[in-house]
Structure formats: C-alpha cells, structure tokens
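Asker: Have a look; sequence and predicted model below, questions after that.
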Amino acid sequence: MNEVNQENLLAKYGYCVIPKNTILYRGFENTNISDCMFFALQFFVAGAGFGKTNIPSKIHLWKTKKDVKVIFLITRLNAHAWAESAIPLIYEDVFPDESSLHLTDLDIKQTDFNRRVKFINKLHQEFNIDGWFSSLEGRIELEICLFGKKSISEKIELIEQVSEDNDLFVFKNSLRKLKLFPGEGFVKLTRKAINKHYTFYKANPYQDYRKKLKIWYEDGLERGLKINDMKEEYYNLRHKLKI
C-alpha cells in the first residue's frame, strides 16, 4: 500500500457498521467515557474482565445512539471460528518504521500504554477512523474499540448496569446486528485456513460446521441448557458470514 489514508485502509481491511440501538457490553467499574473504550458483544465475555484478574462486579450495557462505522481488523478465521487480529498489520501500515519490531496485539494494546495512545490517536485524528472491530486476543470472542472522548459521547449512551450475581443473565449476542464488509483478502485467507482443517475433501465446510454445532446443542439439551441460550452463546463469525 503506497499511500496510507482512510480510503486505502478501509479498502484493504474492510469495515463494520454498528447499527443504531445496538447493545455493547463493558466489564469495567468506571462508567466514565474516555478516549479509548473496549466493548464486548456478549454479556459473559464482558463479565470475564477481558482476561484481567479483576472480575467486574457489574456489567455496563451501552447502546449506540446512531450508526457507527469502524474498521474491520480481522485477517482470517480458522475452522473453529477463532479470529486472527489484523491490528499488528495496520499498525505497521501507519508506522512503517516500526515494522521490524514484529509487535503482537498485546504489545500494541496493553504492554505499552503510550504506544496504544499513539496508535489510536493516529487512526482517529489523521485517518478519521472512529474505532475497530477485531478479535479478543486472537480468540473466538470479539471486541469493539471506540476512539475519541467527544466522538464516543456522540455515539453511545449508558443504559443499564447489571450485577454479575444478579438472576438476570443476558445471552443476547450483538454480533447478529452488525453489518460486516471485510476486505477482499479476508474470505480467501479464511477459506484456505478452513480447508486445511479437513483431511479429506468437504464439498461444503460450512454445512459440516453446522452439523457439529447440532451435536453440541443436543449435548447441551441433555445437560439442561436452553436451545435459544446456546444459539446465542455459540453464534460467531462463521455463522454470521456463512463461511
């Protein structure tokens, strides 16, 4: 990519539209809006504290006040729907002089706070990108990160705080509402990764994946779980994109 600008970045990586009235889950004690805010798309993921040792006592439910467009930062999925983050790739695009560092997601997001601030400010202020849709440390779980205090305050609002020990447990998966437009390379790399999973030819790997899910649902029913709750919990990018 010779020139780095918003148009080229969105063309290369794709984008995601978070429609108005979408619920985002945040597992933090502080409800203040800041310059960088991470959200989960599922209640139980936010309840895990995003891998931190301090499990939150409340889950904050935020709602989008308008459609929000963010960049799609997932390189590919594997056969188990685990998502490979493209955050290190776009970091090298905007900071080519640091490409030799071979940084990981954690290097950029958590290890060095100043590096994360520099990166997010560059995306937001220079390229007018308001956030990203990516994986949670390369796993099946997904995250939304929004940038800019003023920009965030215009786009979302806090609607409720739910205690972890409350009888109410939210299974609704907000991934269902998102509109995804991945970059051209995403589908090609995903199909290649999925096909490697099979030791023999599968005419339709996605249908095979659905059959496996059916077995999981049947097992869950035998253990007393509810089918609608399982469908929300297991819903992932392979379902969403039918890939």
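Answerer: That came in fine, so what should we check first?
Asker: those strands in this structure, which residues are they?
Answerer: If you assign secondary structure with DSSP state E, the strands in the chain sit at 14-18, 23-26, 36-40, 58-64, 68-77, 83-85, 131-135, 142-147, 156-163, 179-182.
Asker: okay, and for this protein, where does confidence drop off?
Answerer: When the per-residue scores of the chain are filtered using pLDDT under 70, the ranges that remain are 1-2, 49-57, 163-171, 199-202.
Asker: Any idea which of the strands of the chain gets closest to Q207?
Answerer: Of all those, it is strand 68-77 that lies closest to Q207, at 16.1 Å by Cβ to Cβ. For glycine as for every other residue, the C-beta is placed from the backbone atoms N, C-alpha and C.
Asker: Distance from the closest one to the middle of the chain?
Answerer: The gap between where strand 68-77 is centred and where its chain is centred comes out at 8 Å by Cα atoms, centre = their mean, to the nearest Å.
Asker: For it, C-alpha coordinates in PDB please.
Answerer: Once non-C-alpha atoms are left out, strand 68-77 reads as follows in PDB (Å, rounded to 0.1, in the frame of the first residue of the first chain):
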ATOM      1  CA  VAL A  68     -21.300   3.700  14.000                       C
ATOM      2  CA  LYS A  69     -18.700   2.800  11.300                       C
ATOM      3  CA  VAL A  70     -15.400   1.200  12.400                       C
ATOM      4  CA  ILE A  71     -12.600  -0.500  10.600                       C
ATOM      5  CA  PHE A  72     -12.700  -4.400  10.300                       C
ATOM      6  CA  LEU A  73      -9.500  -5.700  11.800                       C
ATOM      7  CA  ILE A  74      -9.600  -9.500  11.400                       C
ATOM      8  CA  THR A  75      -7.200 -11.100   8.900                       C
ATOM      9  CA  ARG A  76      -9.000 -14.500   8.800                       C
ATOM     10  CA  LEU A  77     -10.900 -17.200  10.700                       C
END
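Asker: Neighbouring strands of it in the sheet, and parallel or not?
Answerer: Strand partners for strand 68-77, identified by DSSP bridges, are recorded as strand 14-18 (antiparallel), strand 83-85 (antiparallel), strand 131-135 (parallel).
Asker: quick one: contacts of the second one?
Answerer: With Cβ atoms under 8 Å, 6 or more residues apart in numbering as the contact definition, strand 83-85 has outside contacts at 73-78, 105, 134-135, 137-140, 142, 237.
Asker: which of the residues you listed count as buried?
Answerer: In terms of neighbour count (16 or more other Cβ atoms under 10 Å), the buried residues within these are 73-78, 105, 134-135, 137-138, 140, 142, 237.
Asker: would you turn those into a markdown table with distance to A203?
Answerer: Conversion of the buried ones among the contacts of strand 83-85 to a markdown table gives the following (distance: Cβ to Cβ, whole Å):
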| residue | distance to A203 |
| --- | --- |
| L73 | 31 |
| I74 | 26 |
| T75 | 26 |
| R76 | 21 |
| L77 | 19 |
| N78 | 20 |
| D105 | 35 |
| S134 | 31 |
| S135 | 28 |
| E137 | 33 |
| G138 | 29 |
| I140 | 25 |
| L142 | 29 |
| L237 | 21 |
